[in-house]
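# fold the following.
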Amino acid sequence: MLEISDNGRTWLLTGPTSSYAVHLTDADELLHLHWGPRIALADAEALAVRPLPEYRPFESPLDGREEYPVEGGPRFVRPALSVRTEERRGTEWGFERYETEGDELRLRFCDDGLNVTLHYRMRGDVIERWVTVHNQGRALELLRADSATWTLPDREGWRLSQLHGRWGAESRLAQAPLTYGEKVIGSRRGHTGHQHLPWVALDTDATEERGEVYGCALGWSGSWRIAVAQLPDARVQITGGAGHDDSGLLRLDAGESFTTPVFAGLWSDGGFGGASRAWHAYQRAHVIPDADRDRPVLFNSWEATEFDISEEQQSLLARRAAAIGVELFVVDDGWFGTRTSDRAGLGDWTPNPDRFPSGLKPLAEYVHALGMQFGIWVEPEMVNPDSELYRAHPEWVQRQTGRKRTEFRNQLVLNLAREDVQEYLWEQLDGLLTSAPIDYVKWDFNRCFTDAGWPGEPYPQRLWVDHVRALYGLLDRLRAAHPGVAFESCSGGGGRIDLGVLSRTDQVWTSDNTDPLDRLAIQHGFSQIHPARAMAAWVTDSPNAMLNHRASSLRFRFVSAMAGVLGVGGDLSRWTEEELAEARGWVGLYKEIRPLVQRGDLYRLRPPRGGLSAVQYVLGGETVVLAWLQAQSFGEPLPALRLRGLDPTASYKCLETGEIHRGAVLVHHGLRTGLHGDLDAAVIRLRRI
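Numbers count the residues shown, from 1 in each chain. A predicted model of the protein is given here:
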């Protein structure tokens, strides 16, 4: 709901439990008024007449109170907007007008031909904010254009939560007291990055299910920056947007504009769990395509075959996958060009004639005949120097004139900002999806930007932004032309996970680390912001040969992966008949609980810190608990699990034991006790009666 004061200078956005208010002073200063519990318009108007604090030497009364601080004027805080022309730098803007369209509020400001529009939209209790910069005057350089600055209420003892990591250990939750100064996280790598997810949360005394939590998440899949600042007067502001440094985003000529990505904010008084459930609901309703459709159980061939693949071998795996109930069969890397290792073939998106003599169509049709969908792996933004594409167009890669070329994984980054590269990729991928009945594409990105140059381009810095905009445009175009094809975002695991790519893909690959115990911590962090509906998770072979060689039971591996979108990535040709039969049972059970996992409300009952951990999903009158015993001393009693999100007046039947429970029950988890180091897992289902 959007309300506006009679004088048209105070605006109030209200969701189910929260409100957000801003006010324009007579001096055209846009001030933040309120973000938190619901208030009335009269309350916002009362806040608007409060005087600014008295002047103190070396301080600005605007700092920490402005809604969107620009560079220039009586300000010292980090500017959200920085503009440079040949004559001057900075902005001296004035208010022009406000507009509304549906539930969107637009506040327009101008400065000598530069028009800046601040956009606001309430989605449940999530506020979407973004900015449009339109140049109607002389050419200018847009050094920085953040999506939003968020202002928190005056509190003592703020704590900052963030998700950090590296390849194979993404989305690790870290919490620490916020101190004076700035905490900056982001990516200089050209993609979202494994090192940080673009999300922060702040609280003072919140628990998992109680207390106020303020969270912000950026929807951008390139380089980015979020700065959390505790100012000298103890106020806290969060500023974030595309680009990591202030070295320049774009050059805007007359008539050109730039629209920032969305920087979404959420207030919740339900603790970290309540905030997560609100974020999940928002993404299922407004971000993830077709989120009301449950994602299928998939099999991926990579860990079974790596580059050594053939049509016959893939057909064998497909038969075994279909026999255990898999619904989507995916051929990973190695099906195209001269791709027999990671040294060649990237960029040549045609089937290898020795491995697939008649192309992918016969295998795809065979997979369909087995009752499964068919998918493939691609990495369109990359090229190997040993490829037909590079030999034909060496000028298409990012490079710095006169500098030695850097290669990672024997590959280079295509300059997707070039229109000829965009058109080539469209022709290749559209032709590929037309040539065979393909239902799914795993879109990978395994090489960060390092030599981000563009010889001959007057403003080469623009490739950082334009690469991402071209990626989005290509995905949008492919989805429109092939509406039945689903896409997964992958970047060496979790290197490209954010609200921007999630608005164009159906799921994301969470991590290349498929060890089921390691995955519990990764999935715990991922769930702080993103829903299980988007989180791909695989069951692979034991011991885990790729990373740590840890052995684990098939039971533990399945229950770990069932916490998201279940997949299988082991070498099924080596699984015993007993293992295949057990896997068939777990896949069948997952299909029964899939609606709860992928569309239900998530409750983190016990975090994965050793011992017992568990998550619960609630949808309608049903609930399911996934529990894991990570380690236990012999004879140590296991705590019971107190369920949440249930009707305290209703009775529930445990489908495993037949026991009847009332309300928020204490459930025996059914885990086996044993010696220290045992791993075990369980699934507990309850249905309202």
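
# so Glu327 touches Leu298, yeah?
Yes: with contacts counted by Cβ atoms under 8 Å, Glu327 reaches Leu298, the gap being 7.1 Å. In short, each C-beta sits where N, CA and C put it, glycine included.

# those two: who's more crowded?
Leu298 (26 against 18; other Cβ atoms under 10 Å).

# for the closest residue to that one other than its chain neighbours, give me its contacts.
Leaving aside its chain neighbours, Leu298 sits nearest to Leu328 (4.0 Å; criterion: Cβ to Cβ, 6 or more residues apart in numbering). By Cβ atoms under 8 Å, 6 or more residues apart in numbering, the residues touching Leu328 are Pro296, Val297, Leu298, Phe299, Met372, Gln373, Phe374, Gly375, Asp439, Tyr440.

# got the contact list for the helix or strand containing Glu578?
Assigned by DSSP states H and E, Glu578 falls within helix 577-599. Contact with helix 577-599 is made by 284, 291-292, 294-295, 297, 320, 323-326, 531-533, 539, 554-555, 558-559, 562-566, 568, 572, 575, 617-619, 622-624, 683, 685, as judged by Cβ under 8 Å, 6+ apart.

# pull out the buried members of these.
Among the contacts of helix 577-599, those buried by neighbour count (16 or more other Cβ atoms under 10 Å) are 284, 291, 294-295, 297, 320, 324-326, 531-533, 539, 554-555, 558-559, 562-566, 568, 572, 575, 617-619, 622-624, 683, 685.

# assign Ile226 to helix, strand or coil.
Of the three states, Ile226 takes strand under DSSP: H, G, I helix; E, B strand; the rest coil.

# burial of it, as a residue count?
Ile226 has 24 neighbouring residues, counting by other Cβ under 10 Å.

# hey, what's the residue lying closest to it once chain neighbours are set aside bridged with?
Excluding the flanking residues, the one nearest Ile226 by Cβ to Cβ, 6+ apart is Gly240, at 3.7 Å. Beta bridges link Gly240 to Ala148, Ile226 when assigned by DSSP bridges.

# same deal with Gln411?
Beta bridges link Gln411 to Phe408, judged by DSSP bridges.

# need the outlier residue of this structure, farthest from its centre.
Distance from the C-alpha centroid of the chain, by Cα atoms, centre = their mean, peaks at Pro57 (43.1 Å).

# and that one, its phi and psi?
phi -60, psi 140 (degrees, to the nearest 10).

# mind listing what's buried in stretch 88-108?
For stretch 88-108, using 16+ other Cβ under 10 Å, the buried residues are Gly90, Thr91, Trp93, Phe95, Tyr98, Leu105, Leu107, Arg108.

# quick check: mean pLDDT of the helix holding Glu578?
Mean pLDDT, helix 577-599: 98.

# kindly report the same for stretch 179-191.
For stretch 179-191, mean pLDDT is 96.

# what comes into contact with that stretch?
For stretch 179-191, the surrounding residues in contact (Cβ under 8 Å, 6+ apart) are 78, 160, 162, 164, 193, 195-196, 198, 200, 221-232, 244-245, 413, 445, 448-449, 452, 464, 467, 491, 495-496.

# what separates it from the chain centre, distance-wise?
Distance, stretch centre to chain centre, for stretch 179-191: 17 Å (Cα atoms, centre = their mean, to the nearest Å).

# alpha carbons of it, as PDB, please.
The C-alpha coordinates for stretch 179-191 follow below in PDB (Å, rounded to 0.1, in the frame of the first residue of the first chain):
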ATOM      1  CA  THR A 179      32.100  -1.300  14.900                       C
ATOM      2  CA  TYR A 180      32.600   2.300  13.800                       C
ATOM      3  CA  GLY A 181      33.700   2.900  10.300                       C
ATOM      4  CA  GLU A 182      32.800   0.900   7.200                       C
ATOM      5  CA  LYS A 183      32.500  -2.800   6.400                       C
ATOM      6  CA  VAL A 184      32.700  -3.400   2.700                       C
ATOM      7  CA  ILE A 185      32.000  -6.700   0.900                       C
ATOM      8  CA  GLY A 186      31.600  -7.300  -2.800                       C
ATOM      9  CA  SER A 187      33.200  -8.800  -5.900                       C
ATOM     10  CA  ARG A 188      35.800  -7.400  -8.300                       C
ATOM     11  CA  ARG A 189      35.600 -10.600 -10.400                       C
ATOM     12  CA  GLY A 190      33.000  -9.800 -13.000                       C
ATOM     13  CA  HIS A 191      30.400 -12.100 -11.500                       C
END
